[in-house]
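1. from the sequence below, what's the structure:
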Amino acid sequence: MPAVGNVLIVGGGTAGSALAILLARAGVAVDIAEIRPAVTALGSGISLQGNALRVLRDLGVWNHVAAAGFPFDSLGLRAPDGTLLAEIPGTRTGGPDLPAALGITRPALASVLADAVRAAGARTRFGVTAETLTDTGDRVGVRLSDGTTGTYDLVVGADGIRSAVRGLIGIDDAPRPTGLGIWRVHTRRPAGIERTDLIYGGPCFTAGYCPTGPDTMYAYLVDKARPREAVGDKVAHMRALAAGYGGPWEEIRKDITDPGRINYTWFESLLVDRPWNRGRVVLIGDAAHACPPTLAQGAAQCLEDAAVLAELLLAADRLDRPVFDAFMDRRHERVKAVVEASLWLAEWQLNPVP
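-> I've put the predicted structure just below:
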């Protein structure tokens, strides 16, 4: 028998859905409390590298993800005028049978995972989150925001960078801004764009794009962070920044017309020190760690958290300190390396040195 018979996962995003699929498929009773009213995902698109694709394959959803997204095996570097400077072969870190990377819209990925959650037998309750947690040592009593209660062997906080569960268990770490902000637009994919290309320099720190499907992609511009309330006319501002770039950006700029397709957010970071649990409540994914997307590893690390925690829970016959220690031994230093490297890249853009 696995170490847990029933689990509550607070948060139905990438990390929470992946963990729910793996546990429910193995016979664990899984409830998800998702504060959003339905399966939705903010933002335009996401780039997933091989280690993320490997977990998605293990979840049994790779074929659906591949059909909904756009795989590619190289990275281009361009000058601000659009001149191609280098084409770098991608590394297939997920294995030789998976591409080096894949772009997909966030709503498409959320939909694929939600279908797999239902197929695995996990139950999702929308519009609720955890309000109180009472750990009795061998169980956790939970009161949800709609007044209903339950008792679980384990509660998992997978509720994102502004996690409510993190506060409920007395961890006061909070995300910190890095000083960078990113403009993303979801738009059509011009002919000839079949991979991610990056530009360093020009009016922004970074300009880039990533194909997400047969005729879609997202493009992005990284600038100094500005107050969110002072963003103003998103179309005008993004078009002005894009005007500093040539090549494919000339066509991309023409399509920047709909403010509803533009997303502006800050780069933020978070790293909770080990352990990520307090008793029988444990944090995973962005609730425990988050980083700027300078390495395109945020979602990948969330998926890895879910895969490792599920493996440990299903292999153990009791939930005790060695399970959480093993989880930290396998995850904390790896995540720390990714967060720190992502922050170094952000810092070098803000404060360039020879």
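2. okay, Ala290 and Asp273: tell me how far apart.
-> 14 Å (CB to CB, to the nearest Å). All C-beta spots, glycine's among them, are computed from the backbone N, C-alpha and C.
3. more neighbours, the two?
-> With neighbours defined as other CB atoms under 10 Å, Ala290 and Asp273 compare such that Ala290 has more, 26 against 11.
4. in the protein, which strand is the longest?
-> Ranked by residue count and defined by DSSP state E, the top strand of the chain is strand 176-188.
5. report all helices and strands that that strand contacts.
-> strand 216-224, helix 234-242, strand 262-271, helix 321-350 (3 or more CB pairs under 8 Å, 6 or more residues apart in numbering; DSSP states H and E).
6. tell me the buried residues in the last one?
-> By 16 or more other CB atoms under 10 Å, the buried positions in helix 321-350 come out as 323-324, 326-328, 330-332, 335, 338-339, 342-343, 345-347, 349.
7. now swap in stretch 106-118 and tell me
-> In stretch 106-118, counting by 16+ other CB under 10 Å, buried: 106-114, 116-117.
8. nearest to Arg36, of those residues?
-> Ala110 (9.9 Å; CB to CB).
9. Gly157 contacts Asp286, correct?
-> No. Counting by CB atoms under 8 Å, Gly157 does not reach Asp286; the two are 10.1 Å apart.
10. which neighbours do those two share?
-> Ser163 (CB atoms under 8 Å, 6 or more residues apart in numbering).
11. who has more neighbours, these two?
-> Neighbour count, other CB under 10 Å: between Gly157 and Asp286, Gly157 has more, with 31 against 26.
12. how close does Gly232 sit to Asn263?
-> Taken as CB to CB, the span from Gly232 to Asn263 is 15 Å.
13. oh, that last question was meant for Ser111, not what I typed.
-> 18 Å.
14. hang on, Ile9 in a helix?
-> No. Assessed by DSSP: H, G, I helix; E, B strand; the rest coil, Ile9 does not belong to a helix; its assignment is strand.
15. neighbours of it, how many?
-> Look at Ile9: counted by other CB under 10 Å, it has 32 neighbours.
16. how near is it to Ala18?
-> Counting by CB to CB, the separation of Ile9 from Ala18 is 10 Å.
17. and the helix or strand where Ser47 lies, C-alpha only, in CSV?
-> Secondary structure from DSSP states H and E places Ser47 in strand 45-49. What follows is strand 45-49 as a C-alpha-only set of coordinates in CSV (Å, rounded to 0.1, in the frame of the first residue of the first chain):
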residue,chain,number,x,y,z
GLY,A,45,2.3,30.6,-24.4
ILE,A,46,4.9,28.5,-22.7
SER,A,47,8.1,26.9,-23.9
LEU,A,48,8.8,23.4,-22.5
GLN,A,49,12.2,21.7,-22.7
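18. packing partners of the helix or strand just after that strand?
-> Once the chain leaves strand 45-49, the next helix or strand it forms, by DSSP H and E, is helix 50-58. If contacts are counted by 3+ CB pairs under 8 Å, 6+ apart, helix 50-58 sits against helix 62-68, helix 298-315.
19. outside of stretch 117-129, which residues touch it?
-> Outside stretch 117-129, the residues that reach it (CB under 8 Å, 6+ apart) are 10, 12, 17, 20-21, 23-25, 30-38, 114, 144-146, 148, 159, 164.
20. one more pass at 6 Å, please.
-> Contacts of stretch 117-129 with the rest of the structure, by CB atoms under 6 Å, 6 or more residues apart in numbering, involve 12, 17, 20-21, 24-25, 30-35, 37-38, 144-146, 164.
21. and for stretch 196-213?
-> Stretch 196-213 is touched from outside by 45, 47, 70, 75-78, 80, 103-105, 189, 193, 217-223, 241, 244-245, 349, with contacts defined as CB under 6 Å, 6+ apart.
22. of the residues you listed, buried ones?
-> Judged by 16+ other CB under 10 Å, buried ones among the contacts of stretch 196-213: 45, 47, 70, 75-76, 78, 80, 103-105, 189, 193, 217-223, 241, 244-245, 349.
23. buried ones in stretch 270-278, by neighbour count?
-> For stretch 270-278, by 16+ other CB under 10 Å, it's 270-272, 274-278.
24. off-centre distance for it?
-> 18 Å (CA atoms, centre = their mean, to the nearest Å).
25. dump that stretch to CSV, keeping only the CA atoms.
-> Provided in CSV are the C-alpha atoms of stretch 270-278 (Å, rounded to 0.1, in the frame of the first residue of the first chain):
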residue,chain,number,x,y,z
LEU,A,270,11.0,32.7,-4.8
LEU,A,271,12.9,29.9,-3.1
VAL,A,272,11.6,28.4,0.1
ASP,A,273,14.4,26.9,2.2
ARG,A,274,14.2,23.2,3.0
PRO,A,275,12.1,21.6,4.2
TRP,A,276,9.0,22.4,2.1
ASN,A,277,6.7,20.7,4.5
ARG,A,278,5.3,21.3,7.9
